[in-house]
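J.: I'd like to go over a predicted model; first the sequence, then the structure.
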Amino acid sequence: MALRYIITNVGLKSNIINHCRYISCWSCGTNNVNNLVVNLFCSKCNALQQPGTNISYFKIMGVSETYDLDEIELAKKFKELQKYLHPDKFANKPKQEQEISEKYSSLVNEAYKTLLEPLARGIYMLKLKGKEIPENTEVDQEFLMMIMEKNEEVESADSDEEIMKLNNENKTIIKDLQKKLSKAFFDGDLKTVTKLLSKMKYYTSIDNQIQSVIRNKGIIR
């Protein structure tokens, strides 16, 4: 059975690319046509095709373009894709196909990493809307003072109980911001999205600081 059909049967049909109607296989020259959908592999020779341009990470991973994506589904799609696209699978293939595999594998890794992280996912979705978080986004002084205090609390935390309490509190705040972001994206309120992402950057920074302390202390959660 041809590899392209095997992939469809294991659930990777959603990971095919839909950026053009025709694409010529670099290996055999076959025009692969399938109702505006181009398979990852050539329909004739099964050679891995070049990744299309300007394809969103959501389409690459085969998941819905929503802030509330299913992380378990995302991880499953990631494993499925890497199972077929990992460079080790192409060690005995022509050099060009090996290079395409490396490019695809790197692209899938970047897509997975971006969509998995709440902050990175939000920033990416905002970018898809043609917007970015301005470097000079206004944040009120009261909020900044609170962030400074949180950082100081993390730095001065001595016991495991203290750092885990701060960890739980910060995680709760980030989850609340995620809920608000989901609604703002759904409503198309990009102004609110920008403000929420700006705040999430600070809390994500605190989270990174806390996780570093947890690792260094060897705290078992």
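T.: All right, it came through fine.

J.: which secondary structure elements does the helix or strand hosting M200 contact?
T.: The secondary structure element spanning M200 is helix 190-217 (assigned by DSSP states H and E). For helix 190-217, the packing partners by 3 or more Cβ pairs under 8 Å, 6 or more residues apart in numbering; DSSP states H and E come out as helix 118-128, helix 141-156, helix 160-187. Placement of C-beta: from N, CA and C, glycine included.

J.: weakest of the ones you listed in terms of mean pLDDT?
T.: For the helices and strands packed on helix 190-217, the bottom mean pLDDT is recorded on helix 141-156, which sits at a mean of 93.

J.: out of the helices and strands packed on helix 190-217, which is closest to K44?
T.: The closest of the helices and strands packed on helix 190-217 to K44 is helix 118-128. By Cβ to Cβ, the value is 33.7 Å.

J.: what's that closest one in contact with?
T.: Under the contact criterion Cβ atoms under 8 Å, 6 or more residues apart in numbering, helix 118-128 has outside partners 56-57, 65, 67, 69, 113-115, 132-133, 174, 177-178, 181, 185, 190, 193-194, 196-197, 200-201, 204.

J.: quick one: low-confidence residue ranges for the chain.
T.: Along the chain, the parts satisfying pLDDT under 70 run over 1-22, 32-39, 136-138, 221.

J.: domain parsing for this structure?
T.: For the chain, automatic domain parsing gives the domain ranges 3-116, 141-217.

J.: how about those in TSV, adding mean neighbour count?
T.: Formatted as TSV, the entries for these read as follows, by neighbours: other Cβ atoms under 10 Å:
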stretch	mean neighbour count
domain 3-116	16
domain 141-217	15
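
J.: save those domains as a markdown table, and put in distance to L126 too.
T.: Shown next, in a markdown table, are these (distance: least, Cβ to Cβ, whole Å):
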| stretch | distance to L126 |
| --- | --- |
| domain 3-116 | 10 |
| domain 141-217 | 6 |
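
J.: on that earlier part again, between the helix holding M200 and helix 160-187, how many degrees?
T.: For helix 190-217 against helix 160-187, the angle by axes from the mean of the first three to the mean of the last three Cα atoms, to 10 degrees is 160 degrees.

J.: helix/strand/coil for the residue nearest the centre of the chain?
T.: A centroid search over the chain (Cα atoms, centre = their mean) returns L115, at 1.9 Å, as the residue closest to the centre. Assigned with DSSP: H, G, I helix; E, B strand; the rest coil, L115 falls in the helix class.

J.: test my guess that it contacts K77.
T.: No - using Cβ atoms under 8 Å, L115 makes no contact with K77, being 9.9 Å away.

J.: common neighbours of the two, please.
T.: Each of M61, V63 lies in contact with both L115 and K77 under the rule Cβ under 8 Å, 6+ apart.

J.: residues contacting the host helix or strand of I100, please?
T.: Following DSSP H and E, one finds I100 within helix 95-116. With contact meaning Cβ under 8 Å, 6+ apart, helix 95-116 is reached by 26-27, 47-51, 57-58, 60-61, 63, 69, 71, 74-75, 78, 81-82, 85-87, 89-91, 93, 120-121, 124.

J.: do the same with stretch 157-173
T.: Everything outside stretch 157-173 that qualifies as a contact, by Cβ under 8 Å, 6+ apart, is 150, 153-154, 203, 206-207, 210-211, 213-214, 217, 219, 221.

J.: most widely separated two among the residues you listed?
T.: Between any two of the contacts of stretch 157-173 (Cβ to Cβ), the greatest distance is 20.8 Å, for Y203 and K217.
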